[in-house]
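> What shape does this take:
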Amino acid sequence: MVWFMILVRNICYVYPFYYVLPSSISPAGLYHFQCILPQLRNNCGKQYDICDIMSKIFPPNSEFERLMERAGLSPAEVSEKFGISQRTVYRWCQQPAEPSAAYNLVAKALKDMARQRDTVRQTPAGSAFTFIDLFAGIGGFRKAFDAIGGQCVFTSEWDKNSRLTYQANYACNHEIAGDIREYTKDEECLARIPRHDVLVAGFPCQPFSIAGVSKKNSLGKMHGFRCDTQGTLFFDLAQIIEYHRPPVILLENVKNLRSHDGGNTFRVIQHTLREELGYHLSYRIIDGRSWVPQHRERIFIAAFRKDVGCDLADMVLPQNGPRLGSILHKTDGSEEDEPSFLENGQVPPRYTLSEQLWNYLQRYKEKHAAKGNGFGYSLVGPDDVTRTLSARYHKDGSEILLRQPGDRPRRLTPRECARLMGFDRPMESNFVIPVSDTQAYRQFGNSVVVPCATAIAMHMKPYILQAVQQRDVAGNKTFAGKGQELKNNYAIPQ
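Modelled structure (predicted):
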């Protein structure tokens, strides 16, 4: 956006640039900007940190925003339903220091609506075990562990748009928490997480992925455990594990986790789980192409508090996985239309690359080919297996471009991405996508391949049930905050 570009260009100095705000900015963002504009004008010429400025313009979700989210209402709907102006709604999103009587009444009504909404979608009783879903994204692991009879009792996902998709697809009789670090500050915070049998977590992979490390290096930023925004979140997991001592843990990350920092990162993770927390480990790199037409290698770490004999190496993987044609929209009339994704039996033209973008991608690939590099777009057809779908797919779609005879290639639609990641089966359109294409591409690109996660969960199920039966009855009486200690030892730059 224009105003953001001006902010970045003038990162050291702030000017009264209100007049360049685009019409596309959200009302909430506009109101936040109006609130701090006098402060910015008064400090014209003062040096600022861009993150500080942006945090003032777009502060974290307030309690009132979370209530609206849980109730499934937009600001406009809250305004109409309760007869208050949208400006008042956005003001309440600022979390007033002394809420008014009207605020309290509306907040109570929203809580009741959220409770009723959750009750209608109650998780079936009689579950074989309980689990918590951390760094949940849009629920790849949730779908897998629901499928083997588990009951989710706690969910954490920091991204608001991912939470919207999550809540649109799964029964949630519990609050979906945001930043997990709010639950690991001390024992009182840790106690807010319910007792559980299994902890599943696809903790952030960007600090360890090849692409993420390369980008951070180019920007002069720390990666791995020294990335203080994402890399240290493993130690927050360690805090939860030490406090609750779940019988079973399943973690997922990128393949590069094993070799990052010369193997040191993975050694620290193994040492933490084995030596510091007392778990028996099994890990394996598994390619999702056994279940979906996508080359997607991820490392899975299964940890059991007692040695029940579970080894991921014993898991038998399907051979000869499907091809891309199985997940593509059918344009022969056999697939029902779906607004935005398939209209009148055809994929809408907006998914076809513009001539300008297609020419740019071809020039980019030719330039790197001349240097002997393999960088550039990937053109695929119905008989192929794709590259890994990434969270940047919304930018140009270059990693997976579908050939179109007589025309420029196109991106996959979000529905095809849902099938490519296994949230929908071929020809299905059941997974609810309540967000924009950009957000949907990010969400699917950050997710786990659902059939792969389900196969792992099914392999682990008998061992999970055995581990639950052998669970220690006594709670953890010796919590020592090892996660924080390890974070201090490994994650703080010297």
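> rest of the way, CA atoms for contacts and neighbours
Noted.
> Which parts of the stretch 301-450 of the chain are strands?
For the stretch 301-450 of the chain, the strands defined by DSSP state E, counting those that start in this stretch occupy 379-380, 401-404, 407-410.
> can you redo those as JSON lines with mean neighbour count, distance to Pro348 and mean pLDDT?
As requested, the strands of the stretch 301-450 of the chain are arranged in JSON lines below (neighbours: other Cα atoms under 10 Å; distance: least, Cα to Cα, whole Å; pLDDT from 0 to 100):
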{"stretch": "strand 379-380", "mean neighbour count": "18", "distance to Pro348": "19", "mean pLDDT": "96"}
{"stretch": "strand 401-404", "mean neighbour count": "18", "distance to Pro348": "13", "mean pLDDT": "96"}
{"stretch": "strand 407-410", "mean neighbour count": "18", "distance to Pro348": "10", "mean pLDDT": "96"}
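> For Pro75, which of those is the nearest?
Pro75 lies closest to strand 407-410 among those, at 35.0 Å (Cα to Cα).
> Tell me the spacing between Leu357 and Arg387.
As judged by Cα to Cα, to the nearest Å, Leu357 and Arg387 stand 20 Å apart.
> Show me which of these two is the more surrounded one.
Arg387 (19 against 12; other Cα atoms under 10 Å).
> which residues touch that one?
Residues near Arg387 by Cα atoms under 8 Å, 6 or more residues apart in numbering: 294-296, 378, 399-400.
> For the residues you listed, which PyMOL command selects only the ones that are buried?
A single PyMOL command selects the buried members of the contacts of Arg387 (16 or more other Cα atoms under 10 Å):
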select buried, resi 294+295+296+399+400
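> What is the most widely separated pair among the contacts of Arg387?
Maximum distance among the contacts of Arg387 (Cα to Cα): 14.8 Å, for Arg296 and Ser378.
> on that earlier part again, now render the contacts of Arg387 as JSON lines, adding distance to Lys108 and pLDDT.
Listed next are the contacts of Arg387 as JSON lines, based on distance: Cα to Cα, whole Å; pLDDT from 0 to 100:
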{"residue": "Gln294", "distance to Lys108": "46", "pLDDT": "97"}
{"residue": "His295", "distance to Lys108": "48", "pLDDT": "97"}
{"residue": "Arg296", "distance to Lys108": "45", "pLDDT": "97"}
{"residue": "Ser378", "distance to Lys108": "52", "pLDDT": "92"}
{"residue": "Glu399", "distance to Lys108": "47", "pLDDT": "93"}
{"residue": "Ile400", "distance to Lys108": "47", "pLDDT": "96"}
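> can you redo the strands of the stretch 301-450 of the chain as a markdown table with distance to Cys152?
Shown next, in a markdown table, are the strands of the stretch 301-450 of the chain (distance: least, Cα to Cα, whole Å):
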| stretch | distance to Cys152 |
| --- | --- |
| strand 379-380 | 38 |
| strand 401-404 | 37 |
| strand 407-410 | 38 |
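> So for Phe234, which of these sits nearest?
Proximity to Phe234 (Cα to Cα) singles out strand 401-404 among the strands of the stretch 301-450 of the chain, at 34.4 Å.
> In this structure, which residue is most central in space?
Residue closest to the average C-alpha location in the chain (Cα atoms, centre = their mean): Gly137, at 3.1 Å.
> Which parts of the stretch 51-200 of the chain are strands?
For the stretch 51-200 of the chain, the strands defined by DSSP E, counting those that start in this stretch occupy 129-134, 150-156, 176-177, 198-201.
> looking at those, which is closest to Ser100?
strand 176-177 (25.6 Å).
> Check the gap between Tyr279 and Asp384 for me.
40 Å.
> The two: who's more crowded?
When Tyr279 and Asp384 are compared for neighbours, Tyr279 comes out ahead with 22 against 14, by other Cα under 10 Å.
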